[in-house]
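In: Structure, please.
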Amino acid sequence: MRIHFIAIGGAAMHNLALALAQKSGYIVTGSDDEIFDPARTHLLEAGLLPEAPGWFPEKITPDIDAVILGMHAREDNPELVRAREIGLPIYSFPQYLYEQTKDKFRIVVGGSHGKTTTTAMILFVLHRLGIEADYMVGAQIEGFERMVRLSDTAKYAVFEGDEYLTSPLDLRSKFLWYHPHTAILTGIAWDHINVFPTFDLYVDTFRKFVDTFEPNGTFIYYSGDENLQQIAAGARKDIRCLPYAAYKGEVEMQVFGQHNMENLQAACLACQTIGVKPEDFYREIAHFTGAANRLERIAQTDTSVAYKDFAHSPSKLRATVKAVRERYPDKRLVAAMELHTFSSLMADFLPQYNGCMEEADIAFVYFNPKVIEHKHLTPISAEEVAKAFATPNIRVFTDSSELADALRQTVSPEGTKKQGIALLMMTSGTFDGINIKEFASELLGA
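Out: A predicted model of the protein is given here:
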């Protein structure tokens, strides 16, 4: 099988390419106009890094069995145009995952928040119990080499289900392709305002997702979400609906926070649908330390601690700050977040952040006006952002060096010895080039 990737450098795309390259009988090629680490290094080590950046329609030949199209590519991409001209089969990333697993029992984890961690919990327990599974997850998990695995032997497939667009040719949500036998929805909190301009449209894509379940499927949903309650009430009669709340058992966990106890309980119910006993699940999940960039501890001293988190949307931000506050009630909580995604930088969406960081003692918000310009969005000001967050503990920065200096003034090794600090760095980016782990260690003197 010859497979060609258009936009091979994406986080999910390059992991799928690596997974296919490991399968017997697959020849993988790809193109992209820019590839950054870690994708660049991963592809180079696997011998899959394109010889040069750019698009090369001459690579698209009739002997290619399938073209996989990434979201980064545009509809007028020269390689895509050529593939369509000669009639090659063209798949989106989620469509191809389904094709590879359509004869397996599929578990899909969706929702506006917590889906990466919940997926990671399921995979972690299955791995510990020796249950083989194919998978796609949006973060690195301890004990797993890649973020995507496809095999000819696994009976199960576990996917993180994203509600974002499928591809430039298919403007439906990605998770509509997966047709799960078991699925989790963790909650609905408006996101991707560029794709779903109203909350009702956003909710509707989750309703459509439940309609795609395989016959006699199982719908596991957070009981505290009114929209999920309504979706469950209107689900097909053959679908078994299982509400869940936070785990409140006696097993000591290494992860913390109300949201993680909810994720854990959802994962347990999903594992039960393929025969895992609850007592086995809880025994193994006690060893779970989290997924990369999801409340990941990155520095620690005798008095202070620092965490990195992917949180960027309002619901994720609120849950993460609350979790750290509850975990360290006696420490001074210093939280910094970056507005980096399309939705977070839209003026109309900013009011959704009202009060999201109010539990922090000191809260810093950073955004880069050049990113707003690059995304062709209406400019926003630091004053507008501060007003939207609507708490007196907020300071807003548009220069990452000024943010770094402010953090140094707030958190110093000398200061942490006198008063314990809980430092929380939250972004889906890098605060414009800051090595977050090294910087946190510097701040704490770790």
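In: CA only for contacts and neighbour counts going forward, please
Out: Fine.
In: What is the least confident helix or strand in this protein?
Out: When each helix and strand of the chain is scored by mean pLDDT, DSSP states H and E, helix 413-418 comes last, with a mean of 68.
In: hmm, who's touching the helix or strand just after it?
Out: Heading C-terminal from helix 413-418, the first helix or strand you meet, by DSSP states H and E, is strand 421-426. Here strand 421-426 makes contact (CA atoms under 8 Å, 6 or more residues apart in numbering) with 303-312, 317, 321, 324, 328, 331-338, 411, 436, 440.
In: to the chain's geometric centre, what's the distance from strand 421-426?
Out: 20 Å (CA atoms, centre = their mean, to the nearest Å).
In: what's the average pLDDT for it?
Out: Averaged over strand 421-426, pLDDT sits at 95.
In: Please apply the same query to stretch 128-145.
Out: pLDDT averaged over stretch 128-145 gives 87.
In: just for the stretch 51-200 of the chain, where's the confidence low?
Out: Filtered on pLDDT under 70, the stretch 51-200 of the chain yields no residues whatsoever.
In: how about the strands in it?
Out: For the stretch 51-200 of the chain, the strands defined by DSSP state E, counting those that start in this stretch occupy 66-69, 90-92, 105-110, 133-136, 148-149, 156-160, 165-167, 170-173, 182-185.
In: What strands flank the fourth one, and is each parallel or antiparallel?
Out: Strand partners for strand 133-136, identified by DSSP bridges, are recorded as strand 148-149 (antiparallel), strand 156-160 (parallel).
In: ok, and what's touching that strand?
Out: Taking CA under 8 Å, 6+ apart as the rule, strand 133-136 contacts 123, 126, 147-151, 154-160.
In: Tabulate those residues in CSV, adding columns for neighbour count and distance to D361.
Out: Putting the contacts of strand 133-136 into CSV (neighbours: other CA atoms under 10 Å; distance: CA to CA, whole Å) gives the following:
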residue, neighbour count, distance to D361
L123, 27, 36
L126, 18, 39
M147, 20, 35
V148, 25, 39
R149, 23, 42
L150, 20, 45
S151, 18, 48
A154, 16, 48
K155, 15, 48
Y156, 17, 45
A157, 26, 42
V158, 26, 39
F159, 28, 37
E160, 26, 34
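In: What is the nearest of those residues to I3?
Out: Nearest to I3 among the contacts of strand 133-136, counting by CA to CA, is L150 at 14.3 Å.
In: Pipe the strands paired with strand 133-136 into TSV and attach distance to D37 per row.
Out: Formatted as TSV, the strands paired with strand 133-136 follow (distance: least, CA to CA, whole Å):
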stretch	distance to D37
strand 148-149	17
strand 156-160	22
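In: between those strands, which one is nearest to E142?
Out: Of the strands paired with strand 133-136, nearest to E142 by CA to CA is strand 148-149, at 13.6 Å.
In: what about the strands in the stretch 251-400 of the chain?
Out: Going by DSSP E, counting those that start in this stretch, the stretch 251-400 of the chain shows strands at 296-300, 305-309, 332-338, 362-366, 394-397.
In: how about JSON lines for the ones you listed, with mean pLDDT added?
Out: Output for these, formatted as JSON lines (pLDDT from 0 to 100):
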{"stretch": "strand 296-300", "mean pLDDT": "92"}
{"stretch": "strand 305-309", "mean pLDDT": "94"}
{"stretch": "strand 332-338", "mean pLDDT": "96"}
{"stretch": "strand 362-366", "mean pLDDT": "96"}
{"stretch": "strand 394-397", "mean pLDDT": "96"}
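In: quick one, which of those strands is nearest to K375?
Out: strand 332-338 (15.6 Å).
In: Against M13, how distant is V137?
Out: Per CA to CA, to the nearest Å, V137 is found 12 Å from M13.
In: Mind splitting this protein into its structural domains?
Out: The chain is divided into the following domains under automatic domain parsing: 2-88, 96-285, 296-444.
In: circling back: so which of the strands paired with strand 133-136 is nearest F288?
Out: Comparing the strands paired with strand 133-136 against F288 with CA to CA, the closest turns out to be strand 156-160 (17.3 Å).
In: Can you give the contact residues for the closest one?
Out: Taking CA under 8 Å, 6+ apart as the rule, strand 156-160 contacts 101, 104-110, 115-116, 119, 122-123, 132-138.
In: can you give me the angle it makes with strand 105-110?
Out: Calculated by axes from the mean of the first three to the mean of the last three CA atoms, to 10 degrees, strand 156-160 forms an angle of 10 degrees with strand 105-110.
In: how far out from the middle of the chain is strand 156-160?
Out: 14 Å.
In: okay, that strand in PDB with CA atoms only?
Out: The C-alpha coordinates for strand 156-160 follow below in PDB (Å, rounded to 0.1, in the frame of the first residue of the first chain):
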ATOM      1  CA  TYR A 156     -10.200  -2.600  20.200                       C
ATOM      2  CA  ALA A 157      -9.600   1.000  19.100                       C
ATOM      3  CA  VAL A 158      -9.700   4.000  21.400                       C
ATOM      4  CA  PHE A 159      -9.900   7.400  19.900                       C
ATOM      5  CA  GLU A 160      -9.900  10.900  21.200                       C
END
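In: returning to that earlier point: and the strands of the stretch 51-200 of the chain, which is most packed in?
Out: strand 182-185 (a mean of 28; mean count of other CA atoms under 10 Å).
In: distance between that strand and the chain's centre?
Out: Per CA atoms, centre = their mean, the centroid offset for strand 182-185 relative to its chain is 16 Å.
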